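**Q** With the input below, show me the fold.
(one chain, ligands or ions: 3)
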Amino acid sequence: MPHTAPSGAPRPPTTLTQYLIEERRRFPQASGALNALILDVALACKAIAREVALGRLGVSGAGAATAGPAAAAAINVQGEEQKPLDIFANEVFLRRNEASGGVSGMASEELETPWPVPRPAAGPRGKYLLVFDPLDGSSNLDVDMTVGSIFSILRAPQDLLDSDHEVTEADFLQPGAAQIAAGYALYGPATMLVLSVGNGVAGFTLDPNLGEFMLTHPDIRVPAQTREFAINASNSRFWEPPVKRYVDECLAGTSGPRGKDFNMRWIASMVAEAHRILMRGGIFLYPRDTRDPNRAGRLRLLYEAAPVGFLIEQAGGRASTGRQPVLGVRPSGLHQRIGLVFGSREEVERIERYHREPDRDIALNPLFAERGLFR
Ligand SMILES: O=P(O)(O)OC[C@H]1O[C@](O)(COP(=O)(O)O)[C@@H](O)[C@@H]1O
Ligand SMILES: [Mg+2]
Ligand SMILES: [Mg+2]
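**A** Ligands and ions are numbered 1, 2, ... in the order given. Model prediction:
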């Protein structure tokens, strides 16, 4: 990053606030509400980062002094066990952002129904809707591995702004292409915030001494090609033929049709996988499979697939269901699940191509027919 003033003297790094002010200059009529909302989200992420870093000493520990809203673990709307930190992170997101005045409703992985934000006593309703997975990859907490938070900002529909009624599920059912901004925080060795306001992707690293997110990755681009893939191979018997074919070809390496060796990674935290792919390329698959006929995939469209798709596409990569661009899918419900493939553009396009080819052609593929490495 060219942090050099015209005089040649090094310039202090840009803060998240300064970055947002610069971005806002592109829209002279903007009120500043979006920036205020993003800064509130960033503040929530800093509070979560502190708590995550405490490990068993914090709300996750049995004798935690600060148990607060996270005291009891429960089962969420998805039928998944909520860890104390899932509940804590959800509370932090809700409390921080309902006070901001920027939103008129929120939706979360941890809440069955939308969270209404009443019309303020004076002034207009918040112009935006905030959707989030407050803690992604929380199964990693027990083993002190990287987790994250992921969020999406949508415009509140005009009829909601004009009315006094509470936000409804239908207000959120907008395709990913309608997102105004999306981002995630990564709670790894360093805490990072990666953000797009529709003008590329920027990464900020939390300076723990200053408590500020500093711009460290100004223009993140996903390389078009890769030799690294990520998929939970324990599901291979449920995969559809195009996915089996793709993975088999990667595994065949130099002796297969791809003519090159591939590496594999699986962190079990989509935010962490997305971050690796934004940093050095790669491809991630959590495809539609046959494991549960009632579920089209594992990941949730509104608060996992859509924001990650927005970031990846803003960085020059591609995000797809395998059959169509994920940003084009209009959700049918808050917690709708979907198959997701994202990352380096050429690999995602290849997987989409395999989905278009009839299964008959795939069965005739000599590699797939003979090897079936993951069958
Ligand atoms: O346990 P699996 O099948 O590997 O699934 C891992 C996936 O589940 C998730 O952890 C789901 O997120 P949550 O932890 O928010 O439920 C993804 O981040 C990750 O890609
Ligand atoms: Mg998640
Ligand atoms: Mg979660």
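
**Q** Could you check which helix or strand contains Leu193?
**A** Using DSSP states H and E, the secondary-structure element containing Leu193 is strand 191-196.

**Q** immediately after that strand, which helix or strand?
**A** In the C-terminal direction from strand 191-196 (assignment by DSSP H and E), the next one is strand 202-207.

**Q** Could you list the residues in contact with that next one?
**A** Defining contact as CB atoms under 8 Å, 6 or more residues apart in numbering, one finds that strand 202-207 is touched by 16, 19, 46, 49, 190-196, 212-220, 278. All C-beta atoms are positioned from the backbone trio N, CA, C, and that covers glycine.

**Q** Same question for stretch 168-175.
**A** With CB under 8 Å, 6+ apart as the contact definition, stretch 168-175 has outside contacts at 105, 107, 113-114, 129, 131, 154-157, 160, 302, 306, 327-334.

**Q** In helices, which of the residues you listed fall?
**A** Filtering these for membership in helices, criterion DSSP state H, returns Leu160, Ala306.

**Q** Throw together a ChimeraX command that grabs the buried residues out of the contacts of stretch 168-175.
**A** Paste this into ChimeraX to select the buried members of the contacts of stretch 168-175, with burial taken from 16 or more other CB atoms under 10 Å:
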select :105,107,114,129,131,154,155,156,157,160,302,306,327,329,331,334
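
**Q** Just the ones of the contacts of stretch 168-175 in strands?
**A** Restricting the contacts of stretch 168-175 to those inside strands, with DSSP state E as the criterion, leaves Gly105, Ala107, Leu129, Val131, Leu154, Arg155.

**Q** which residues touch the fifth one?
**A** Leu154 is in contact with Tyr128, Leu129, Val131, Phe172, Gln174, Ala178, Gln179, Ile180, counting by CB under 8 Å, 6+ apart.

**Q** looking at the residues you listed, which has the most residues close by?
**A** With neighbours defined as other CB atoms under 10 Å, the most crowded of the contacts of Leu154 is Val131; it has 27 neighbours.

**Q** pretty sure that one is touching Leu302, no?
**A** Yes. With contact defined as CB atoms under 8 Å, Val131 counts as touching Leu302 (5.2 Å).

**Q** what's the overlap in contacts for these two?
**A** Between them, Val131 and Leu302 share these contacting residues under CB under 8 Å, 6+ apart: Ala107, Ser152, Phe172.
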